[in-house]
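Chemist: quick one, structure for this:
(2 chains)
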Number of protein chains: 2
Amino acid sequence: MFKMNLSKDAKETHVKLATYKDGSRDGQLVVVSRDLSMAHYATGVASRLQQALDDWNFISPSLQDLYEGLNQGKARHAFPFDPRMCMAPLPRAYQWADGSAYLNHVELVRAARQSEVPQSYYTEPLMYQGGSDDFLGPMDDVVCVSEDHGIDFEAEVVVITGDVPMGSDADSALEGVRLVMLANDVSLRHLIPPELAKGFGFLQSKPATAFSPVAVTPDELGEAWQQGRVHLTLQSTWNGRKVGMCEAGPEMRFHFGQLIAHVCKTRNVRAGSIVGSGTVSNQGVEHNGRKDWPKGYSCIAEKRAIETILDGKPSTEFMKFGDTIRIEMKGLDGMSVFGAIDQTIAPLVPAAK
Amino acid sequence: MFKMNLSKDAKETHVKLATYKDGSRDGQLVVVSRDLSMAHYATGVASRLQQALDDWNFISPSLQDLYEGLNQGKARHAFPFDPRMCMAPLPRAYQWADGSAYLNHVELVRAARQSEVPQSYYTEPLMYQGGSDDFLGPMDDVVCVSEDHGIDFEAEVVVITGDVPMGSDADSALEGVRLVMLANDVSLRHLIPPELAKGFGFLQSKPATAFSPVAVTPDELGEAWQQGRVHLTLQSTWNGRKVGMCEAGPEMRFHFGQLIAHVCKTRNVRAGSIVGSGTVSNQGVEHNGRKDWPKGYSCIAEKRAIETILDGKPSTEFMKFGDTIRIEMKGLDGMSVFGAIDQTIAPLVPAAK
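Modeler: Prediction:
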């Protein structure tokens, strides 16, 4: 069951992981090939991702062995990988804390309502604690109670951590990053203002979050993983139209080590915690005397903020039932790194009594 | 392994549960006798509490059988129950959402800073999403980075839920209550104002929460469980001095069904979610022309608010390293229902590098 890790650099961990639906709450852990074409159950190594995270140093070498075999076409029981079979890599988690690491997102939204960005936002991450008991798979419907809530997507990069002790600094915390994936941090925009006014954070305005089919180790990202940031382009496609081609690297003001260190300032962060970057967002540029945002947007609220800044009022509406949202990131080789989040907005059908 | 449930009323579920430390992250599920004197491993039925919650209707009858045998002195491998061996009943959870159901707490704190309570607080629960990856056992130290953070206890009643679908009303949500227990929702008071000013809720100001040794089914509370409230007295003893004898029932403005319904308004609540009442707090009374709070307090912030209202400034300091806090609730028979939370405040000792 346990084999020696024969990879060239023993310090590096290379693996791509997903969780297949099997009717259970935690699903079945599968190893996915680098090109996302093939998969293999991790049975015998670990059945659930949380189990692997709880004992990462012992279990990850065996997952890596399986990954190498799969990539070389030598895994005996490999089968074609199907993202429609995927739950979130971690279908439920013990923590989901989401930062606002791209200050442009905050600046845009604030500029639209003519409010200054507090100076502290540039030196300390803004972050909220989210619900983590009911995550969505990459192709699960986003079920909403009402279109009137102002349904929006938010395309983000997130990490899953190991154990990070209370009081760890950003460098130590960065070593606690185990896996990287994408998220659609669905927001109900019209519920946000009254909730934030109360100061207690988001509760009803952040429904279930969805994640990419595959979670990958930072080492697997190669040169794209630098100083706790993913230097790749995050693509958002709304109803088949590409609306965002945002660079996730350079403008991420706080790297993942800093975001995790923010969480663990007064408490331990335990294995399987998910920490997010916030909506990926790039600054606008001056263009013929008019400001322009050529990279597009990773959430509709930004588009509406841009419209408000340029035209005095927003003209783009939030999402309707039947709308689709696709979120994906291509590697330096042009291949999809995490697979695509590809969801449809759907109305809640109340259960029969 | 699975026996018929022979209890008189098959609709009722009677059991007291705890989780013993065994070096693992989730511990070992034990059934505890009604008088808290004896315990028995639930091995063969369920090894972890989350496992029982995931499949409650199937597993709880077997736990109840074990409980009945234990109470009758017929459990073969029973041993004396020791709360020092306890982790939190659920040592880590997929959700921890804490309400502010006792409006007097909010009114006191607001009155001290001469601010009105918003009208919406009387019709809709105020609630925050907390971290749930690293809970404390009932006798674990409360480890804090600094006394300067304003360390405070908060004595609360909390429930653990089963699955509650999105959009459930308060009555349906109330049926989702599986277990009841006590919590010490530790707060770092001096970190709260800047965090709440940002609107994103608590993150650093709410370190790890501690729970009572034992979680009990609502049916086990008998007449003390009425309309989603626990009608018993919550005792708080700070450094050996009884400072709170607060009635948890009548002044709980929103019952647990209403609190859970608030969480599931826009998303599903999944099995093993913990939902809290907020600090238990009772209204003051007029006494010789001066206002008095004879029931005492379940957190120091309230004591300081009372001092500010009466004397213009607070005179009671927050907790220091070495301070102790004991939180307990006696049943109508005078016996401890959940066992006692009994903790010491301790400084963080950084790990050797």
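Chemist: can you list contacts of stretch A:283-300?
Modeler: For stretch A:283-300, the surrounding residues in contact (CB atoms under 8 Å, 6 or more residues apart in numbering or on different chains) are A:104-105, A:152-156, A:187, A:189, A:234, A:236, A:238, A:242-247, A:251, A:279-282, A:302-303, A:306, A:309-310, A:316, A:318-319. Heads up, the C-betas are built off the backbone N, CA and C, glycines and all.
Chemist: neighbours around the residue of chain A found nearest chain B, how many?
Modeler: Closest to chain B within chain A is residue A:201: 2.2 Å, counting by CB to the nearest CB. Neighbour count of residue A:201, defined by other CB atoms under 10 Å in any protein chain shown: 25.
Chemist: backbone phi and psi for it, please?
Modeler: Dihedral angles of residue A:201 (phi, psi; degrees, to the nearest 10) stand at phi 90, psi -170.
Chemist: surely it is in contact with residue B:131?
Modeler: No. Using CB atoms under 8 Å as the test, residue A:201 is too far from residue B:131 to be in contact (12.0 Å).
Chemist: quick one: common contacting residues for those two?
Modeler: Contacts common to residue A:201 and residue B:131, judged by CB under 8 Å, 6+ apart, are residue A:129.
Chemist: just the helices in chain A please.
Modeler: A:49-54, A:56-71, A:103-112, A:170-174, A:192-197, A:256-263, A:300-311 (DSSP state H).
Chemist: can you list contacts of the third one?
Modeler: Residues outside helix A:103-112 that contact it (CB under 8 Å, 6+ apart): A:100, A:116-117, A:121-122, A:126, A:251, A:253, A:278-279, A:281-284, A:298-299, A:301-302, A:304-306, A:308-309, A:314.
Chemist: measure how that helix sits relative to helix A:300-311, angle-wise.
Modeler: 50 degrees (axes from the mean of the first three to the mean of the last three CA atoms, to 10 degrees).
Chemist: can you tell me the average pLDDT over helix A:103-112?
Modeler: Across helix A:103-112, pLDDT averages out at 88.
Chemist: about what we covered before: could you dump the helices of chain A to JSON lines with mean neighbour count?
Modeler: Output for these, formatted as JSON lines (neighbours: other CB atoms under 10 Å in any protein chain shown):
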{"stretch": "helix A:49-54", "mean neighbour count": "22"}
{"stretch": "helix A:56-71", "mean neighbour count": "20"}
{"stretch": "helix A:103-112", "mean neighbour count": "20"}
{"stretch": "helix A:170-174", "mean neighbour count": "18"}
{"stretch": "helix A:192-197", "mean neighbour count": "15"}
{"stretch": "helix A:256-263", "mean neighbour count": "25"}
{"stretch": "helix A:300-311", "mean neighbour count": "20"}
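Chemist: turn those helices into JSON lines, including distance to residue B:209.
Modeler: Shown next, in JSON lines, are the helices of chain A (distance: least, CB to CB, whole Å):
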{"stretch": "helix A:49-54", "distance to residue B:209": "20"}
{"stretch": "helix A:56-71", "distance to residue B:209": "25"}
{"stretch": "helix A:103-112", "distance to residue B:209": "30"}
{"stretch": "helix A:170-174", "distance to residue B:209": "22"}
{"stretch": "helix A:192-197", "distance to residue B:209": "22"}
{"stretch": "helix A:256-263", "distance to residue B:209": "15"}
{"stretch": "helix A:300-311", "distance to residue B:209": "32"}
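Chemist: so which of the ones you listed comes closest to residue B:27?
Modeler: helix A:49-54 (13.0 Å; CB to CB).
Chemist: how about the CA coordinates for the closest one, as CSV?
Modeler: C-alpha atoms of helix A:49-54 as CSV (Å, rounded to 0.1, in the frame of the first residue of the first chain):
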residue,chain,number,x,y,z
LEU,A,49,-9.6,14.1,0.9
GLN,A,50,-10.0,15.2,4.5
GLN,A,51,-8.3,12.0,5.5
ALA,A,52,-5.3,12.8,3.3
LEU,A,53,-5.1,16.3,4.7
ASP,A,54,-5.3,15.0,8.3
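Chemist: just the residues contacting that helix, thanks.
Modeler: A:17, A:19, A:26, A:29, A:42, A:45-46, A:59-60, A:63, A:89-90, A:93, A:160, A:162, A:178, A:215, A:271-272, B:25.
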